[in-house]
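# coordinates only, sequence not included:
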Ligand SMILES: [Zn+2]
């Protein structure tokens, strides 16, 4: 059955291409992160052209965020926040098959940094509401659109800024959709699982400090900070924290087990997860807390033993596990290493039920009769972290129908990031149905 043509599905490709051509690389350094303002102005023009008022808020020069509210039929209902970030991670053009900011279309894909993370969804949001404005569609409840800066480098200049300084823009928002979810995992021709993000691990970036007695490198020395730190870092890096199966992961494993017709050993789910191919990377780390050493710092001269040494550990914690994790970590590194918290963001988890979830499943099935929506937990973090602090129930739902053989998770921040054009058009139709129904 061919889907009915729609203006939004026609327009989404051009809008996505335009966005991909605006280099919004977020280097993590505000001095060299410059494209967000240009992208926000483009989005503003797309919205104001069809009569939607926008508010543009800069958290710092050129760090632009944009929010718009589309009034619904029943304004007493809680509003739905639909959000996407406009920044992207940098791309090294020498590694790519096409220039990463060309928005080139070939082989059925739109290519470019941000094609799936997440200018595709930004384009869907714009295409749907532009079509509505032209054809007089009014959504059932208020929809708040947010296009954010700085998702890729800590959210400080983006969603965190918005919820801190402009929380009033989100007044009445009860639920939200954004990245990373709604994409398909093909089981067979007649069955595709669409993973809806209902949980996110928490972030705890720590710095470990070891202290010792400074001294000459040629002497006998039994209180060396570098040695103490190295032992702690190696112990953390090799440690496997205990498995904890949260409600989201349990539901996911049950659904996958049934859909694939495989037994998943509840004591060893990682073996089964590893066999899920492309999505294993996204979900593999969601059955336990993790701690990966990422930086080391010590010393200033080859023959001087320094008095201190430090290491950064990227820790990701399951919902409800933040405090238990710290105790476990302390047991691994011993009592003498000092722990400094660099950044902490709570894990999220919501249940996979309610009218919005039902509407997601219905919208997917209307466009793909083989669709089955399943909840999952993302091991990374998104803007949902910030919006959830306002009491908003956040989901990852940026619908995309993907070819069975596409290694989707490898495209996130990867070389040759690209989005299938048909998948993008599918997504716009699903989003249109969802927003009209919810
Ligand atoms: Zn993203």
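It's in. Here the structure is a predicted model, which is why all the values come from computation and not from measurement.

# from here on, contacts and neighbour counts on C-alpha atoms
Will do.

# residue 420 is in contact with residue 112, isn't it?
No. Using Cα atoms under 8 Å, residue 420 makes no contact with residue 112, being 11.6 Å away.

# so between these two, which is more surrounded?
residue 112 (31 against 23; other Cα atoms under 10 Å).

# now that one: closest residue in space that isn't a chain neighbour?
Excluding the flanking residues, the one nearest residue 112 by Cα to Cα, 6 or more residues apart in numbering is residue 100, at 4.6 Å.

# and that neighbour, which of the three is it?
Following DSSP: H, G, I helix; E, B strand; the rest coil, residue 100 is assigned to coil.

# where does residue 105 land on pLDDT?
Per-residue confidence at residue 105 stands at 97 (pLDDT).

# look up how far residue 87 lies from it.
21 Å (Cα to Cα, to the nearest Å).

# which of those two has more neighbours?
Comparing residue 105 with residue 87 by other Cα under 10 Å, the one with more neighbours is residue 87, at 33 against 17.

# enumerate every residue touching the more buried one.
Contact analysis of residue 87 by Cα atoms under 8 Å, 6 or more residues apart in numbering lists 24-26, 35-36, 114, 148-152.

# looking at those, which is nearest residue 248?
residue 151 (24.1 Å; Cα to Cα).

# my read: that closest one touches residue 89, true?
No. Counting by Cα under 8 Å, residue 151 stays clear of residue 89, with 9.4 Å between them.

# what residue is smack in the middle of this structure?
residue 382 (3.9 Å; Cα atoms, centre = their mean).

# so what does it have for phi and psi?
Dihedral pair for residue 382: phi -140, psi -180, per degrees, to the nearest 10.

# if I look at it, how far off is residue 193?
22 Å.

# and if you look at residue 388?
For residue 388 relative to residue 193 (Cα to Cα), the value is 26 Å.

# burial of the residue lying closest to residue 309 once chain neighbours are set aside, as a residue count?
Excluding its sequence neighbours, the residue lying closest to residue 309 (Cα to Cα, 6+ apart) is residue 298, at 4.4 Å. Here the number of neighbours of residue 298 (other Cα under 10 Å) works out to 17.

# ditto for residue 266
Neighbour tally, residue 266, other Cα under 10 Å: 12.

# in what helix or strand does it lie?
Using DSSP states H and E, residue 266 sits within no helix or strand.

# wait, what's in contact with it?
Counted by Cα under 8 Å, 6+ apart, residue 266 has zero contacts.

# against residue 250, how distant is it?
Distance from residue 266 to residue 250, counting by Cα to Cα: 9 Å.

# doesn't residue 227 lie inside a strand?
No. Assigned with three-state DSSP, residue 227 falls outside any strand and is helix.

# from residue 305, how far out is it?
On the measure of Cα to Cα, residue 227 and residue 305 end up 10 Å apart.

# what about the two, which has more around it?
More neighbours surround residue 305 than the other of residue 227 and residue 305, with 23 against 15 (other Cα under 10 Å).

# who's that one bridged to?
Legend: beta-bridge partners of residue 305 under DSSP bridges are residue 215.

# that one is in contact with residue 215, isn't it?
Yes. Using Cα under 8 Å, residue 305 is in contact with residue 215, at 5.0 Å.

# and the closest residue to residue 199 other than its chain neighbours, how many neighbours?
Spatial nearest neighbour of residue 199, chain neighbours left out: residue 349 (4.0 Å); criterion: Cα to Cα, 6+ apart. Using other Cα under 10 Å, residue 349 is surrounded by 23 other residues.

# over to residue 349: give its phi and psi.
Dihedral angles for residue 349 - degrees, to the nearest 10 - are phi -160, psi 130.

# what about residue 174, helix or strand, and which?
With DSSP H and E as criterion, residue 174 is part of strand 173-178.
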